[in-house]
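Undergrad: sharing a model prediction with you, sequence too.
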Amino acid sequence: MRRQGGKLANKTSGLLGVAIAALALSCAVDARANGTPAGTVVRNIASANFTVDGEQATIPSNPVATRINELLDLQLAPKSEGSIPVPFQLPSDFGVPFILTNSGNGTEAFLVTASVPEDEGLSLSVAIDVDGNGAYDPAVDIILSDGRTPAVAADKSLNLLVRFARAPAASGRILLAARSVTGSGTTAKLVPGEGDDGTDAIVGRTTASATFSEPFTLVDAPVIVQSEPASLTKTQTVDAPDGSNAAVQGATITYKLELRTTGTETLANAEIVDAIPAGTAYVPGSIRINGAATSDVTDSDAALFDGAAIHVAFGDISQPTTQVVTFQVTIL
Amino acid sequence: MTKTNPLLLCGLIAGAIAGAPAFAGTVRVTNDVMVQEKTVAADGTTRIALVPAKRVTPGDRVVYRTSYRNEVGQPVEGMIVSNPVPANLVYRGPAEGSPAPEVSTDGKTFAPLAQLQVRAGSATRRALAEDVKVVRWRIASAVPVGGSGQYAFEATLK
């Protein structure tokens, strides 16, 4: 990242820029030493000693000065192993901790994005875990509004927290991606003049980018009752006076109503109501529940004919269940 | 890499440091920073050429190449070409085609690396390449007028 005279030449300016620069210093964590800083000038002068006519002389060479370029590298890693438990009832301080290390030799800002591929509608944000405690505290930690980190000095790390806008729909994985703002991509790619102190920046072995897929497991989710809709099928058979199946005047139609449910909970106040078709007359006393005869009036059995429709009130029945109701009408 | 006129610079610095020499002319000492550039030839073989170091980043291997030429006008004796290993570099060994230098971990005692010891706390241990601070080459015979030589060592940028 271009930096001149010790000032960061990023897009922010004024007080905010100062605040962000200070932040970079205060919340970055030391990582292992990682090479000569970009912009360092390595100088060398060789010399020759010899004797001429008994007189010793020392002659220096021309000085050579090599300005060290900026290498763009980063490392991204989770701070915990294995699938991360994500509570269904998300605590307000919940965050999945990662660590981003500037393993290059210059001061760099990084762009960080997070997503859950299995739940594309789920919005994720990334925060700097300033105190490094693995929990989000709005008074201390800082959400990266545009995914861009403040400048991170070489060999320093940032503790990051990936935050969910809501609980994910199911277990899945967090896809975290980070890349150097100055440049990333193919190793040895050149970004002229954009390195520290105006040096050329060069993409390092890490490609100055990283993605990390971290599995998580949704825990403590309420048991979702799979309440399959009840199916009610109605079939009919016709018996004509002549012994045929013709739907003629005087023929009897037997309706069969079959209620099937595949749920697991108790089905409350289940009732079948079926109106008698126009042009037919109910055959008194014809309601059968699972083959058992019932009366047509309100009494201890479940069946009732109210003059227009049959009613069968099952009350509470445990599932899964199959109930078969038959009744008859005659064609007028 | 900055390269100044060697003749002019040598004359100036020699005059300033050692006082004006009593002899005419000088021994021209030229220093270069190079890197190995590998190219694959048509027959599939890899060729390594030294090219001036344009861009150097940590982990890169560079070659410091020093040449001398006797322009004094008479033979010189006891020629020693020496070069400090810059602070941010780790000595790796002689560059291809160059004789092995004598090395020193303190700038005073010079020997082949295998014969040097360094202090490690209260004990001593064999010196390692990263302990090397200065390298030098001694030319046993007198260097005739116009005589020249070239030496080089490899180092890795920390």
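TA: Yep, that arrived.
Undergrad: got the residues of the stretch 201-332 of chain A near chain B?
TA: A:202, A:204 (Cβ under 8 Å from any Cβ of the partner chain). Heads up, the C-betas are built off the backbone N, CA and C, glycines and all.
Undergrad: before we move on, what about the stretch 1-150 of chain A?
TA: Residues of the stretch 1-150 of chain A lying near chain B by Cβ under 8 Å from any Cβ: A:34-36, A:38, A:40, A:42-53, A:55-66, A:68-71, A:105.
Undergrad: put the buried members of these into a ChimeraX selection.
TA: A single ChimeraX command is used to select the members of the residues of the stretch 1-150 of chain A next to chain B judged buried by 16 or more other Cβ atoms under 10 Å in any protein chain shown:
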select /A:34,35,36,38,40,42,44,45,46,47,48,49,50,52,57,58,59,60,61,62,64,66,68,69,70,71,105
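Undergrad: gap between the two ends of stretch B:141-158?
TA: End-to-end distance for stretch B:141-158: 37 Å, by Cα to Cα, to the nearest Å.
Undergrad: which parts of it are buried?
TA: For stretch B:141-158, burial by neighbour count (16+ other Cβ under 10 Å) applies to B:143, B:147, B:149-158.
Undergrad: and for stretch A:231-250?
TA: Residues A:D239 are the ones in stretch A:231-250 that count as buried (16+ other Cβ under 10 Å).
Undergrad: how long is that stretch end to end?
TA: One end of stretch A:231-250 to the other measures 31 Å (Cα to Cα).
Undergrad: which residues does the helix or strand hosting B:W137 contact?
TA: B:W137 belongs to strand B:134-138 when assigned by DSSP states H and E. With Cβ atoms under 8 Å, 6 or more residues apart in numbering or on different chains as the test, strand B:134-138 has contacts from B:79-85, B:91, B:99, B:101-104, B:107, B:110, B:149, B:151, B:153.
Undergrad: so who does the residue lying closest to B:G97 once chain neighbours are set aside touch?
TA: Nearest non-adjacent residue to B:G97, counting by Cβ to Cβ, 6 or more residues apart in numbering or on different chains: B:A152, 7.4 Å away. The neighbours of B:A152, taking Cβ under 8 Å, 6+ apart as the test, are B:34, B:50, B:63-66, B:94-95, B:97-98.
Undergrad: nearest residue to the middle of chain A?
TA: Nearest to the geometric centre of chain A sits A:V116, at 3.0 Å (Cα atoms, centre = their mean).
Undergrad: looking at it now. What's its pLDDT?
TA: Per-residue pLDDT puts A:V116 at 94.
Undergrad: try the one 4 residues further on
TA: We note a pLDDT of 87 for A:E120 in this prediction.
Undergrad: residues near it, how many?
TA: Using other Cβ atoms under 10 Å in any protein chain shown, the number of residues around A:E120 comes to 8.
Undergrad: check the one 4 residues further on too.
TA: Per other Cβ under 10 Å, the neighbour tally for A:L124 reads 18.
Undergrad: what bridges to residue 84?
TA: Looking at chain A here, since you left the chain open. A:F216 (DSSP bridges).
Undergrad: not quite, go with chain B.
TA: Bridge pairing for B:P84 - DSSP bridges - gives B:V134.
Undergrad: isn't it right up against B:F153?
TA: No - contact criterion Cβ atoms under 8 Å: B:P84 and B:F153 do not qualify, at 10.9 Å.
Undergrad: now A:L259, nearest residue through space, not along the chain?
TA: Nearest in space to A:L259, with sequence neighbours left out and distances taken as Cβ to Cβ, 6+ apart, is A:Q323 at 4.4 Å.
Undergrad: would you mind writing the ChimeraX command to select the buried ones in the contacts of B:A152?
TA: Of the contacts of B:A152, the buried ones can be selected in ChimeraX as follows, counting by 16+ other Cβ under 10 Å:
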select /B:34,50,63,64,65,66,94,95,98
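Undergrad: closest to B:A127 among the contacts of B:A152?
TA: Closest approach to B:A127 among the contacts of B:A152 (Cβ to Cβ): B:P94, at 15.8 Å.
Undergrad: was I right to think the closest one contacts B:A155?
TA: No - counting by Cβ under 8 Å, B:A155 is not a contact partner of B:P94; they are 11.0 Å apart.
Undergrad: buried ones in stretch B:91-105?
TA: Buried residues in stretch B:91-105 (16+ other Cβ under 10 Å): B:91-95, B:98, B:101-105.
Undergrad: now do stretch B:127-134
TA: By neighbour count on 16+ other Cβ under 10 Å, the buried set for stretch B:127-134 is B:127, B:131-132, B:134.
Undergrad: now do stretch A:150-170
TA: For stretch A:150-170, burial by neighbour count (16+ other Cβ under 10 Å) applies to A:150-152, A:154-164, A:167-168.
Undergrad: who are the contact partners of the residue in chain B positioned nearest to chain A?
TA: Minimum separation of chain B from chain A (Cβ to the nearest Cβ) falls at B:P58, amounting to 2.9 Å. Counting by Cβ under 8 Å, 6+ apart, B:P58 touches A:34-36, A:68, A:71, A:105, B:157-158.
Undergrad: I appreciate the help and will end here.
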